[in-house]
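S.K.: Got a sequence here, can you model it:
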Amino acid sequence: PVYLRVDHARGVNGAVRHKSPFYHHVLSRGRLLYEDGSNIWASDPAPEDTTPAARAQRQQDQFQVEIAAFMAKQRQFFRQENCRRAGAQLRNSIEAAYHMLLTTLHGHSYPETDIAFLRARAEALAPDLRQPWFHGTEDYEAEFDRLRHAHGGTHRFRQYKMSEAEIKRLSLCQKRLLKMADKLCQKKIEGLG
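M.R.: Model prediction:
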């Protein structure tokens, strides 16, 4: 007999977070027949003998590789003077950074691609994360809000425009955010070990 269970990614993340025996067994010993890309826990289950710090470090390393790939594409598009695509890659690196933060600090992330949603959840865990975006003017918040629409998968992307100056300003915020994210994640991982 075969038992087929189909769950929404949010339900799976919640069950994993609450250490459901069923999902612990599936993630440590089972096979995944269908993998939802939004379920970050389902990809690459760790062996049981691995320490929590080692699992968290491996996960953070994977996020860092993903972020570095987005940043490399961002630089490539910027050199080609394609600011729209450069803005999309900048936005993708910020999304990955928030997923990394939430996964490391909270134990799970959300199957969301809205960076404002992810930012709010991350800043609730670590209020210092507001610093890269807060500069005393509404322009930075408006630019961050425009980044939400830079996602290539949205219908608004065709009309999306971003200037070279905006890319440069947001790149500074991006670098500050990534530096803070790395520092916070490393501190949490050291606490796990």
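S.K.: Okay, buried residues for stretch 72-82 please.
M.R.: Within stretch 72-82, the residues that qualify as buried by neighbour count (16 or more other C-beta atoms under 10 Å) are 73-74, 77-78. Yep, even glycine has a C-beta here, placed from its N, CA and C like the rest.
S.K.: Distance from the chain centre to it, please.
M.R.: 21 Å (C-alpha atoms, centre = their mean, to the nearest Å).
S.K.: just stretch 69-89 next, same as before
M.R.: From the chain centre to the centre of stretch 69-89 is a distance of 18 Å (C-alpha atoms, centre = their mean).
S.K.: Start and end of stretch 149-161, how far apart?
M.R.: In terms of C-alpha to C-alpha, to the nearest Å, the two terminal residues of stretch 149-161 are separated by 10 Å.
S.K.: what is the mean pLDDT for it?
M.R.: Averaged across stretch 149-161, the pLDDT comes to 64.
S.K.: Please shift the residue numbers so they start at 3 in all later answers.
M.R.: Happy to do that; since the first residue is 3 now, the last one works out to stretch 151-163.
S.K.: Run through the neighbouring helices and strands of the helix or strand hosting residue 14.
M.R.: If you go by DSSP states H and E, residue 14 is part of helix 11-19. Judged by 3 or more C-beta pairs under 8 Å, 6 or more residues apart in numbering; DSSP states H and E, the packing partners of helix 11-19 are helix 23-31.
S.K.: circling back to that earlier point, from the buried residues of stretch 74-84, which ones fall inside helices?
M.R.: Secondary structure assignment by DSSP state H places 75-76, 79-80 of the buried residues of stretch 74-84 in helices.
S.K.: Many thanks, I have nothing further to ask.
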